[in-house]
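Enquirer: take this sequence and fold it.
(one chain, ligands or ions: 1)
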Amino acid sequence: MSAAVDGELTLNEQEGFEKHIMKCPTCFSEFKEAQKTKSIIKEKITRFKAPQSLVNSILKLTETPL
Ligand SMILES: [Zn+2]
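Expert: Presented below is the predicted three-dimensional model:
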């Protein structure tokens, strides 16, 4: 799930994932939620100008296993 949010999927994976969430409301809302959470955190971190290593470790905490 987090790979999908980060856009780290391969083209094939991305395609399969998108097809799946179109038919699966559960995964779709999970994906949207994860995206929202991530962008909020990123925005907060950017505002405080945290070092990249800290940013990465915080983002890791937000990752949810698929
Ligand atoms: Zn699903």
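
Enquirer: for the protein, which residues are neighbours of the ion?
Expert: Residues of the chain that fall close to the ion, judged by C-beta under 5 Å from the ion: 24, 27. Where you see a C-beta, it was placed from the backbone N, CA and C, and this is true even at glycine.

Enquirer: show me where pLDDT drops low in the chain?
Expert: Scanning the chain for pLDDT under 70 picks out 64-66.

Enquirer: quick one, helices of it?
Expert: Counting by DSSP state H, the chain has helices at residues 2-6, 11-23, 25-48, 52-61.

Enquirer: could you say which of those is packed most deeply?
Expert: Burial of the helices of the chain is given as mean neighbour count (mean count of other C-beta atoms under 10 Å); helix 2-6 ranks first at a mean of 17.

Enquirer: can you list the residues that contact that helix?
Expert: If you take C-beta atoms under 8 Å, 6 or more residues apart in numbering as the criterion, helix 2-6 is touched by 9, 13, 14, 17, 31, 34, 35, 38, 62, 63, 64, 66.

Enquirer: contacts only, for residue 21.
Expert: When contacts are counted by C-beta under 8 Å, 6+ apart, residue 21 touches 27, 28, 31.

Enquirer: verify the contact between the first one and residue 20 for me.
Expert: It refers to residue 27. Yes - contact criterion C-beta atoms under 8 Å: residue 27 and residue 20 qualify, at 6.1 Å.

Enquirer: ok now stretch 35-55, how far from the chain's centre?
Expert: Its chain's average C-alpha position is 13 Å from that of stretch 35-55, according to C-alpha atoms, centre = their mean, to the nearest Å.

Enquirer: next one: stretch 22-30
Expert: From the chain centre to the centre of stretch 22-30 is a distance of 14 Å (C-alpha atoms, centre = their mean).

Enquirer: over to stretch 10-26?
Expert: From the chain centre to the centre of stretch 10-26 is a distance of 14 Å (C-alpha atoms, centre = their mean).

Enquirer: and if you look at stretch 52-66?
Expert: What separates the centre of stretch 52-66 from the centre of its chain is 10 Å, taken as C-alpha atoms, centre = their mean.
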